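Undergrad: one predicted model, sequence on top.
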Amino acid sequence: MCRYPLRVHGIPELIHDPELNKALSSQSQQSLLVTRVAVTSSYFHCGKALIRSGAWSQDAQQAPIKVSFGAEIANNQGLSGDIIADIDAGVAQRYRTDI
């Protein structure tokens with residue numbers, strides 16, 4: 001565990017730049033987007049406070065939220081509900097094979 005976590009505050013920006021994406025790709029996956037943060041402040045935080053917070057204890061964890069990408073996309077694009085299951089199946093397949 002890191003003894004002194006670095007806290008960073010700033011303004012994030014998602015960037016799609018082919019040269020930057022290529023430079024930041026891994027050996028097996030090409031980067032699709034890059035997150036750039038304009039840092040407004042940063043500081044090291046006492047590690048003891050982080051440990052005492054119990055942030056990683058099972059009791060502090062929230063139940064996972066089930067998100068349907070199919071429902072979100074269909075709703076935002078005005079598509080029929082028939083396509084929801086197909087989109088969700090496609091997302092599940094991509095998680096298994098491409099991530």
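TA: Arrived safely, thanks for sending.
Undergrad: so for the closest residue to residue 54 other than its chain neighbours, what's the pLDDT?
TA: Closest residue to residue 54 apart from its sequence neighbours, by C-beta to C-beta, 6 or more residues apart in numbering: residue 60 at 5.4 Å. Any C-beta I mention is one placed from the backbone N, CA and C, and that applies to glycine too. Listed pLDDT for residue 60 reads 82.
Undergrad: how about residue 2?
TA: 60.
Undergrad: check the one 5 residues further on too.
TA: pLDDT, residue 7: 87.
Undergrad: and for residue 48?
TA: On the pLDDT scale, residue 48 gets 80.
Undergrad: does it count as helix, strand or coil?
TA: helix (DSSP: H, G, I helix; E, B strand; the rest coil).
Undergrad: show me where the chain has strands.
TA: Under the criterion DSSP state E, the chain carries strands at the ranges 6-15, 34-44.
Undergrad: in TSV: the ones you listed, plus mean neighbour count.
TA: Below are the strands of the chain laid out as TSV (neighbours: other C-beta atoms under 10 Å):
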stretch	mean neighbour count
strand 6-15	10
strand 34-44	10
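Undergrad: dump the ones you listed into TSV; add distance to residue 85 as well.
TA: Shown next, in TSV, are the strands of the chain (distance: least, C-beta to C-beta, whole Å):
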stretch	distance to residue 85
strand 6-15	29
strand 34-44	31
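Undergrad: so for residue 87, which of those sits nearest?
TA: Ranking the strands of the chain by proximity to residue 87 (C-beta to C-beta) places strand 6-15 first, at 21.6 Å.
Undergrad: what packs against the closest one?
TA: strand 34-44 (3 or more C-beta pairs under 8 Å, 6 or more residues apart in numbering; DSSP states H and E).
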